[in-house]
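Visitor: no sequence for this one, just the structure:
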Ligand SMILES: Cc1cc2nc3c(=O)[nH]c(=O)nc-3n(C[C@H](O)[C@H](O)[C@H](O)COP(=O)(O)OP(=O)(O)OC[C@H]3O[C@@H](n4cnc5c(N)ncnc54)[C@H](O)[C@@H]3O)c2cc1C
């Protein structure tokens, strides 16, 4: 039986208490545009991230570490955190995941020790706010068609130009992992693969826009980055080597993002299912609770089936990760596709069960539906997941 063990349940109870005490009271303010970073900082303190990062850096300095945090040896903890955060605020979970998971972890895993110490640690502890930027106005699904360039202007010197959009945390980011295509004088433009640079707010020519207004995920600021001849040095090139394969880095990030989204889906489904069940028992029409009507029961049953399927996917992922089994990008894509569609469907059913109240802000299910819809777009759209699954199937057949 794949399920949480007693230790995980205790940790989950601790997360729930923190969320009840520290996040829930700030939820309305964050949804109204208050940046989530002060609360995120408290969360990193509760998780003891500063101490863990310091230990990791000490090990790295002794040549013993690969840049992975000790918490990752138990992937159940990160999953439980994403699930619990998403039960309260998927937007907060998104902003937290983008800062630590996308930006901080990319620097810790791929950066040199100096880069890990200079930027990775600060981002992981929320001393600095991090973002990870690949999407551009003219390239999203086809991210590698990016137009942002890093022109090499001397030994270890680059000039970056271009723009990024839809970047989580960008409006407030201090440390920005930005992908750009390397341009070398005398070589055909576009002949070199993109490279990741770690840039900092305050560098001349770098600016960000104000938070974009969006349908959901209001607790997660999203915005643009503008690069006008930003001068960077080799110290800003992630890994400090031009040969560092950025495509591989990005595929790793996509895989992590796609599996991580399943955790958010489980949190959202559990929350709206609990709310719907309670509402269906409490709400009466024609003298009976609506839960007694089979048309309502059918919705609850389908929501429960989605919850079971998504939980099984999450548990299988965690079992694989704990046992060192690598899941393919295609499998991660299949899981993301299933989980995100199921989550949007469940949220729509939850609104239906709540009737007119479901359409009102006071009842949270409409907010979860708006938040859930993003998960079918960010980290690769549904259509892109389908393409990855089909292409892998055609190339490799059934794996097992
Ligand atoms: C709230 C939010 C936060 C985000 N955070 C980040 C972030 O932190 N960092 C970052 O780099 N990016 C981020 N993104 C960007 C996100 O990853 C992209 O929006 C997403 O990959 C889709 O790209 P696009 O918006 O350019 O859509 P497009 O690529 O223009 O796609 C438009 C439509 O066409 C479809 N389509 C495109 N190509 C094909 C094809 N070959 N076959 C079939 N259908 C196709 C798509 O599926 C979609 O339905 C964020 C986006 C949002 C909305």
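Guide: Yes, it's here. Note that the structure is a prediction, hence the values are computed from the model and not measured.
Visitor: C-alpha from now on. contacts and neighbour counts both.
Guide: Will do.
Visitor: show me what contacts residue 396?
Guide: For residue 396, no contacting residues are found, by C-alpha atoms under 8 Å, 6 or more residues apart in numbering.
Visitor: do the same with residue 283
Guide: By C-alpha under 8 Å, 6+ apart, residue 283 lies in contact with 289-290.
Visitor: distance of it relative to the ligand?
Guide: Noted for residue 283: a distance of 34 Å to the ligand, by C-alpha to the nearest ligand atom, to the nearest Å.
Visitor: so which elements touch the strand or helix carrying residue 259?
Guide: Using DSSP states H and E, residue 259 sits within helix 246-282. Here helix 246-282 touches helix 75-88, helix 90-96, helix 105-110, strand 194-200, strand 288-289, helix 294-322, helix 329-353, helix 365-374, going by 3 or more C-alpha pairs under 8 Å, 6 or more residues apart in numbering; DSSP states H and E.
Visitor: for the ligand, find the nearest of those.
Guide: For those, the distance to the ligand is smallest for helix 365-374, at 6.0 Å, taking C-alpha to the nearest ligand atom.
Visitor: now do the closest one, average pLDDT.
Guide: Mean pLDDT, helix 365-374: 98.
Visitor: what's in contact with it?
Guide: Identification of contacts with helix 365-374 by C-alpha under 8 Å, 6+ apart yields 90-91, 215-217, 265, 268, 272, 275, 340, 343-344, 347-348, 350-351, 358-361.
Visitor: can you give me the end-to-end span of stretch 368-383?
Guide: This stretch, stretch 368-383, spans 22 Å end to end (C-alpha to C-alpha, to the nearest Å).
Visitor: make a markdown table out of the helices and strands packed on helix 246-282 and add distance to the ligand and mean neighbour count.
Guide: Compiled in a markdown table, the helices and strands packed on helix 246-282 are given as follows (distance: least, C-alpha to the nearest ligand atom, whole Å; neighbours: other C-alpha atoms under 10 Å):
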| stretch | distance to the ligand | mean neighbour count |
| --- | --- | --- |
| helix 75-88 | 15 | 22 |
| helix 90-96 | 8 | 27 |
| helix 105-110 | 13 | 24 |
| strand 194-200 | 12 | 25 |
| strand 288-289 | 38 | 13 |
| helix 294-322 | 22 | 18 |
| helix 329-353 | 12 | 23 |
| helix 365-374 | 6 | 24 |
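Visitor: rebuild the ones you listed as JSON lines, extending it with distance to residue 21.
Guide: Below are the helices and strands packed on helix 246-282 laid out as JSON lines (distance: least, C-alpha to C-alpha, whole Å):
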{"stretch": "helix 75-88", "distance to residue 21": "12"}
{"stretch": "helix 90-96", "distance to residue 21": "15"}
{"stretch": "helix 105-110", "distance to residue 21": "27"}
{"stretch": "strand 194-200", "distance to residue 21": "33"}
{"stretch": "strand 288-289", "distance to residue 21": "33"}
{"stretch": "helix 294-322", "distance to residue 21": "26"}
{"stretch": "helix 329-353", "distance to residue 21": "26"}
{"stretch": "helix 365-374", "distance to residue 21": "20"}
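Visitor: just so I know, which of those lies nearest residue 120?
Guide: Of all the helices and strands packed on helix 246-282, it is helix 105-110 that lies closest to residue 120, at 5.3 Å by C-alpha to C-alpha.
Visitor: how far is that closest one from where the chain is centred?
Guide: 15 Å (C-alpha atoms, centre = their mean, to the nearest Å).
Visitor: which secondary structure elements does it sit against?
Guide: In terms of contacts (3+ C-alpha pairs under 8 Å, 6+ apart), helix 105-110 is packed against helix 246-282.
Visitor: so the helix it packs on versus helix 294-322, what angle?
Guide: Counting by axes from the mean of the first three to the mean of the last three C-alpha atoms, to 10 degrees, helix 246-282 points 150 degrees away from the direction of helix 294-322.
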